[in-house]
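[1] sequence first, predicted coordinates after that:
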Amino acid sequence: MVEFGIESGRISIKKSPYERLIGILGYASLAIYVAAILLSRKEFTYDEPWYLGTIDTLRKYGLSIQFLQNLPGPAGPLYTIVQWSVSPLTNFIPFYVRLVNVILLFVSILFMAVYASRRGYSVDVVSCFACLPTVGVSACLALTEMPAAVFLCGAILGLSVLYFERIPRGVGIIIAAISGLSLGFAILGRQPYLTVLFVLPLLLRGVNIVLITIFAMAALIVTVPVFYIWGGLVPPLTAWAGNGFSLEHGVLSFSYMSIICLIIFPADVVPNVRITSALAGFGGLANEIFHVVSFTPIQGLAHFLPTDLSYIFVRVWSDISVFLAILLIYYVIRRIFSSGVLSFDGFLLAGISLNLASAAKITHQFSSRYVFSALPILFFYLTPRLPVGLFLLIRLAIALLVSLMQVRGYLF
């Protein structure tokens, strides 16, 4: 929120004090994440040993066909290359290896801050991205999401310059090529970012088709050879991870993102009471009839409850999940048509939707970490829409506590 005043005959801009407080909270969360990994006595856990083991594969085969074919997990080679490049500094000590992702989170926020600054939005509040649920786990553990997110943020920043700013043709070609390469690297970190290529045509009103083509070709030059070697979108050792389709996981992805949106800007997401009630009734009825979702968000609580109550808890939460997913889909459709389909906002909203929907291709399990890949895109969209004030500050503080509880479950 910005207030205008007159001082000494000049117009001055006074920022809301809550902007600064929200900014402080965001950067404080980065410091808390660093403290958490410093205080943790846990060795590498969860998926960390699995993916860190790929560094030995890289050292054995080099950056070769054999290396790409022997990746043990579904994620691409970006994470391995990043961690290998800094291994002389980290020496595989858990604190330093995990610190890499906190630094990458900070770099992602810097990209968002540059976007906000160039668009004339508040830079202070961008740091609150670090407070959101799922961000803490991806930042505090040596997992694969954060390196890909950095390159995605770079790609979106480049596209925003091409869309909003008048620049010389030669400079535009360079930005398009570099941004496309950045997206290509992001895709090689987390394949769901491939969906960004499908929504590029929505930028044609503001970006020359030649620049869009250069961007897309640069991304494909990086990714197509790797996919060709794999014979698909995932390494051959985990080709099974790309088989099948899970509607439940797609719905849960939208549901979790809906919760995050309700934390950040609930008044904008929730329509009037009549429409909200209709969406809730439709979602609950549809799930009771078709059993799309049957999911327990808090396994320990479900096991603690008596059998009958546990069953009710699972059913009620599953119905709520479907409602939340429909609520977000309704919001996205409403905003796309109000902003214009062929617009930068339309591009971001469609990108968020396709990214979330791609979780349906992950059939072996569902994790809230999958939602993280869409969060940077969401935050580029939210930058000018954050309802700065006391209540947002309180909600973000609660969100940070949730994020820290998730981190505690892994590191302590």
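    Yep, that arrived. Residues are numbered from 1 along each chain as shown.
[2] poorly predicted segments of the stretch 1-150 of the chain, please.
    1-14 (pLDDT under 70).
[3] let me see the ranges of the helices in it.
    Along the stretch 1-150 of the chain, the segments classed as helices by DSSP state H, counting those that start in this stretch run 17-39, 48-52, 54-61, 65-69, 78-90, 94-119, 135-140, 145-164.
[4] I'd like the ones you listed as a markdown table, with distance to residue 274 and mean neighbour count appended.
    C-beta coordinates here come from the backbone N, C-alpha and C atoms, glycine included. Listed next are these as a markdown table, based on distance: least, Cβ to Cβ, whole Å; neighbours: other Cβ atoms under 10 Å:
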| stretch | distance to residue 274 | mean neighbour count |
| --- | --- | --- |
| helix 17-39 | 32 | 17 |
| helix 48-52 | 48 | 17 |
| helix 54-61 | 53 | 16 |
| helix 65-69 | 54 | 16 |
| helix 78-90 | 47 | 18 |
| helix 94-119 | 35 | 19 |
| helix 135-140 | 34 | 27 |
| helix 145-164 | 36 | 24 |
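[5] rebuild these as JSON lines, extending it with distance to residue 185.
    Shown next, in JSON lines, are the helices of the stretch 1-150 of the chain (distance: least, Cβ to Cβ, whole Å):
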{"stretch": "helix 17-39", "distance to residue 185": "23"}
{"stretch": "helix 48-52", "distance to residue 185": "17"}
{"stretch": "helix 54-61", "distance to residue 185": "16"}
{"stretch": "helix 65-69", "distance to residue 185": "15"}
{"stretch": "helix 78-90", "distance to residue 185": "6"}
{"stretch": "helix 94-119", "distance to residue 185": "12"}
{"stretch": "helix 135-140", "distance to residue 185": "17"}
{"stretch": "helix 145-164", "distance to residue 185": "4"}
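[6] do you know which of the ones you listed lies nearest residue 389?
    In terms of Cβ to Cβ, the element of the helices of the stretch 1-150 of the chain nearest to residue 389 is helix 17-39, at 5.4 Å.
[7] for that closest one, packing partners?
    On a contact count with 3 or more Cβ pairs under 8 Å, 6 or more residues apart in numbering; DSSP states H and E, helix 17-39 meets helix 94-119, helix 135-140, helix 390-411.
[8] list the contacts of the nearest residue to residue 262 once chain neighbours are set aside.
    Leaving aside its sequence neighbours, residue 262 sits nearest to residue 269 (Cβ to Cβ, 6 or more residues apart in numbering; 5.7 Å). Residues near residue 269 by Cβ atoms under 8 Å, 6 or more residues apart in numbering: 258, 261-262, 327-328, 331.
[9] mind redoing it with 6 Å?
    Contact partners of residue 269, counting by Cβ atoms under 6 Å, 6 or more residues apart in numbering, are 261-262, 331.
[10] from residue 387, how far out is it?
    Noted for residue 269: a distance of 11 Å to residue 387, by Cβ to Cβ, to the nearest Å.
[11] and if you look at residue 166?
    31 Å.
[12] between the two, who's got more neighbours?
    Set residue 166 next to residue 387 and count neighbours by other Cβ atoms under 10 Å: residue 387 wins out with 15 against 5.
[13] I figured that one was touching residue 265, is that so?
    Yes. Counting by Cβ atoms under 6 Å, residue 387 touches residue 265, with 5.4 Å between them.
[14] residue contacts, residue 346?
    Taking Cβ under 6 Å, 6+ apart, one finds 202, 336, 339-340 in contact with residue 346.
[15] tell me the SS of the closest residue in space to residue 275 that isn't next to it in sequence?
    The shortest distance from residue 275 to any non-neighbouring residue, by Cβ to Cβ, 6+ apart, is to residue 330 (7.6 Å). Three-state assignment for residue 330 (DSSP: H, G, I helix; E, B strand; the rest coil): helix.
[16] what's the neighbour count on residue 369?
    By other Cβ under 10 Å, neighbour count at residue 369 equals 18.
[17] what's the per-residue pLDDT of it here?
    Residue 369 carries a pLDDT score of 83 in this model.
[18] and it, what are its phi and psi?
    phi -60, psi -30 (degrees, to the nearest 10).
[19] still on that earlier bit, most neighbours, which of the contacts of residue 269?
    residue 261 (21 neighbours).
[20] so which strand or helix has it?
    Under the criterion of DSSP states H and E, residue 261 resides in helix 247-264.
[21] can I get the helix or strand immediately after that helix in the chain as PDB, trimmed to CA atoms?
    Using DSSP H and E, the helix or strand that directly follows helix 247-264 along the chain is helix 266-269. Output in PDB follows, covering the C-alpha atoms of helix 266-269 (Å, rounded to 0.1, in the frame of the first residue of the first chain):
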ATOM      1  CA  PRO A 266      -8.500 -14.900   0.800                       C
ATOM      2  CA  ALA A 267     -10.800 -12.000  -0.100                       C
ATOM      3  CA  ASP A 268      -9.800 -12.200  -3.800                       C
ATOM      4  CA  VAL A 269     -10.100 -16.000  -4.000                       C
END
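[22] give me the buried positions along helix 266-269.
    Using 16 or more other Cβ atoms under 10 Å as the test for burial, helix 266-269 gives residue 269.
[23] the next helix or strand after that helix packs against which elements?
    Of the helices and strands lying after helix 266-269 in sequence (DSSP H and E), the nearest is helix 273-290. Helix 273-290 is packed against helix 307-339, with contacts defined by 3 or more Cβ pairs under 6 Å, 6 or more residues apart in numbering; DSSP states H and E.
[24] give me the angle between the helix or strand just after the helix it packs on and helix 145-164.
    Where DSSP H and E defines the elements, the next helix or strand beyond helix 307-339 is helix 344-357. Relative orientation of helix 344-357 and helix 145-164, computed by axes from the mean of the first three to the mean of the last three Cα atoms, to 10 degrees: 160 degrees.
[25] what mean pLDDT does helix 344-357 have?
    Helix 344-357 shows a mean pLDDT of 96.
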